[in-house]
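Undergrad: What follows is a predicted structure for the sequence shown.
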Amino acid sequence: MIAFKCMRAGADYLRRLRTIIVCIWALALAVASAQSSIPSSTAAQAPDAGAVRGEVRDPAGGLAAGAVVIFKLADEALLNEGTPAPAGARSETRTNAYGVYSLGGLVPGIYTLHAETGSGERSAAVRVELAPNETRTVNLLLVSASSSNSLSDPTRSDSSSSPKNDSFPAIKAPEFFDQPQFTVAGVTQATNAGGHGSDTVLRTSEALVKATGSLGSESSSTPAALPDPSDKASLSRQPVDMATLRQQRGTLSARLVPDEKLAGNSAREQQADLYHQLAQIDEEIRDPLSAVQEYQRSAELAPTEPRLFDWATELLTHRALEPATEIFSQGARLYPQSVRMLLGLGASWYARGADERASQYLVSASDLDPSAPAPYWFMGRLLIAQKTPSQELLDRMSRFARLAPTNASASYYYALAIWKHAESSGTLNEATLSQVEMLLQHAVQLEPKMGAAHLQLGILYWQQGDSTRAISALKEAIAVSPELGEAHYRLAQAYLRAGNQAAAQEEFRVHDELAKKSDEEAERGRREIQQFVVSLRDSK
């Protein structure tokens with residue numbers, strides 16, 4: 001009995017000892033956690049230290065308390081030089097009970113940051129350039145790990161799906177972290193679509209993307225006109241004063257208020273406008289990741305047609321194809337009468353290699369407003385890239401020529417549609433070629449500086465064996481469009497047939513120089529796009 005009591009007393013003692021040890025261990029963890037969560041304002045800060053603050057929301061749009069926000073210094077200069085990472089190269093903090101976070105004492109540089117929770121929710125990684133003594137506001141939206149990327153057909157929507165004026169609908173943020181699919185759609189598929197002749201497909205896709213971007217300046221959902229993306233003068237960047245833009249950005253950022261303090265749709269609209277202006281500045285200072293985020297916040301606060309379109313277009317411009325397609329799809333469901341939403345959907349699907357689906361959206365856009373010129377331009381680009389145009393495209397180009405008899409592009413595209421359709425169907429004959437020639441001649445009469453129409457006339461005459469008329473038309477094409485590389489190549493072929501070897505060699509030389517220049521410019525743009533996509537996917 002005495003032995004049993006001693007054993008039980010010993011066991012009680014061991015239990016009490018384990019309890020004391022566990023308590024001490026838990027207390028140590030609590031102290032460490034409390035020390036790590038001390039607000040950045042209490043820490044020693046460098047004289048030029050900056051700060052980032054903002055809020056984190058859960059997938060349903062509510063404020064996310066306790067989310068971890070992780071900062072990583074991503075200054076390329078430091079990485080390239082192999083310089084050891086400075087103190088604070090990686091930092092993290094947590095949101096408070098109101099979903100708000102703040103981290104100060106950050107050395108100037110380029111950071112990536114994202115938020116995550118223990119349940120697997122996380123936000124898109126955002127790239128932020130922090131200047132000395134600058135405070136940036138970055139709001140993050142968590143996305144569920146099980147979110148679906150399903151897309152629906154906007155052409156089945158009706159006008160009843162348009163948002164009402166007195167309330168804003170909820171919109172679903174795209175899933176950015178489905179990395180294998182995102183990589184394929186964002187980079188690989190865009191450069192491989194089309195197999196043989198894929199360079200033509202890629203260049204057509206890039207032209208459609210640029211054209212979609214040009215529609216962003218229109219406040220109307222039905223664009224009245226469309227600048228030609230091949231016209232470098234009309235789309236080239238104007239010199240910008242970076243210092244002035246950054247100052248404007250700081251002024252706008254200071255006017256932002258926490259979302260929970262926004263009372264009513266009017267306040268939300270004003271805040272959305274601020275985010276939209278910030279996004280435009282971010283794009284001007286070549287910070288597309290920040291621009292995407294600001295466009296997203298603008299659209300989330302007040303998802304009007306222009307805001308959704310600009311958000312999707314920013315993603316599309318930088319080749320984030322899957323999320324761009326999803327936002328365009330949501331926009332088309334909310335605004336089924338928006339011509340440019342359908343054009344954006346067509347451009348995004350074409351960039352993903354879905355030629356037929358892209359064509360269907362462009363046809364639907366044209367049918368919404370048959371008098372709008374932009375859908376015909378988009379369909380015309382597809383027509384140029386296709387060997388076998390669909391009957392639907394031929395019908396729409398016929399309608400364009402009928403509705404706009406004084407529009408040079410209408411005659412030009414209708415001529416191409418007839419010509420290619422007859423070639424692919426084996427029905428090409430003298431009567432068809434005569435009609436094609438008449439339409440092309442009508443186009444250059446309406447617009448003498450339309451180099452593309454002169455080029456097609458030269459090709460037509462060359463195929464008919466008329467070298468003299470071919471040379472004349474091709475020289476005219478070069479006179480009005482000196483950088484039209486194909487015109488130089490075709491002219492060289494015409495000179496060879498005519499026996500003028502020296503002139504042919506000169507045209508081949510000019511063609512090669514233009515092709516090299518064009519390839520270098522395109523490659524630079526594609527590298528920037530790929531870097532954007534990689535940064536957008538960066539979750540580490």
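TA: Here it is on my side, so go on. Numbers count the residues shown, from 1 in each chain.
Undergrad: can you pull the buried residues of the one helix or strand Ala267 maps to?
TA: Per DSSP states H and E, Ala267 falls inside helix 264-284. For helix 264-284, the neighbour count (16 or more other Cβ atoms under 10 Å) marks 268-269, 271-284 as buried. Every residue, glycine included, has its C-beta placed from N, CA and C.
Undergrad: okay, stretch 407-421 in CSV with CA atoms only?
TA: Output of stretch 407-421 as CSV, limited to C-alpha atoms (Å, rounded to 0.1, in the frame of the first residue of the first chain):
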residue,chain,number,x,y,z
ASN,A,407,-15.1,53.5,-96.0
ALA,A,408,-11.8,52.4,-97.6
SER,A,409,-11.4,49.6,-95.0
ALA,A,410,-14.8,48.2,-95.8
SER,A,411,-13.8,47.7,-99.4
TYR,A,412,-10.4,46.4,-98.5
TYR,A,413,-11.6,43.7,-96.0
TYR,A,414,-14.4,42.6,-98.3
ALA,A,415,-11.9,42.2,-101.1
LEU,A,416,-9.7,40.0,-98.9
ALA,A,417,-12.7,38.0,-97.7
ILE,A,418,-13.9,37.2,-101.2
TRP,A,419,-10.4,36.4,-102.5
LYS,A,420,-9.5,34.0,-99.6
HIS,A,421,-12.8,32.4,-99.5
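Undergrad: hmm, who's touching that stretch?
TA: 373, 376-377, 379-380, 383-384, 386-389, 391, 393-394, 397-398, 400-401, 403-404, 428, 432-433, 435-436, 439-440, 442-444, 446-447, 450, 452-453, 456, 460 (Cβ atoms under 8 Å, 6 or more residues apart in numbering).
Undergrad: any idea which helix or strand comes after the helix holding Ala267?
TA: Helix 264-284 is succeeded, C-terminally, by helix 288-301 (DSSP H and E).
Undergrad: any idea of the angle the next helix or strand after that following helix forms with helix 264-284?
TA: Using DSSP H and E, the helix or strand that follows helix 288-301 in sequence is helix 305-317. On the basis of axes from the mean of the first three to the mean of the last three Cα atoms, to 10 degrees, helix 305-317 is oriented at 30 degrees to helix 264-284.
Undergrad: Summarise which helices and strands helix 305-317 is packed against.
TA: If contacts are counted by 3 or more Cβ pairs under 8 Å, 6 or more residues apart in numbering; DSSP states H and E, helix 305-317 sits against helix 198-214, helix 264-284, helix 288-301, helix 321-334, helix 339-351.
Undergrad: so that helix versus helix 198-214, what angle?
TA: Using the same axes, to 10 degrees, helix 305-317 lies at 150 degrees relative to helix 198-214.
Undergrad: Going by secondary structure, Glu55 is in what exactly?
TA: Secondary structure assignment for Glu55, by DSSP H and E: strand 50-57.
Undergrad: Export that strand to PDB, keeping only CA atoms.
TA: Extracted in PDB, the C-alpha atoms of strand 50-57 (Å, rounded to 0.1, in the frame of the first residue of the first chain):
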ATOM      1  CA  GLY A  50       9.300  54.000 -46.300                       C
ATOM      2  CA  ALA A  51       6.100  52.200 -45.300                       C
ATOM      3  CA  VAL A  52       3.400  50.100 -46.900                       C
ATOM      4  CA  ARG A  53      -0.100  49.900 -45.500                       C
ATOM      5  CA  GLY A  54      -3.500  48.700 -46.600                       C
ATOM      6  CA  GLU A  55      -6.200  46.200 -46.000                       C
ATOM      7  CA  VAL A  56      -6.700  42.500 -46.800                       C
ATOM      8  CA  ARG A  57     -10.100  41.100 -47.700                       C
END
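Undergrad: Pull out the buried residues from that strand.
TA: For strand 50-57, a neighbour-count test (16+ other Cβ under 10 Å) marks Gly50, Ala51, Val52, Arg53, Gly54, Glu55, Val56, Arg57 as buried.
Undergrad: Tell me what the first one is bridged to.
TA: Just to be clear, that refers to Gly50. Counting by DSSP bridges, Gly50 is bridged to Leu106.
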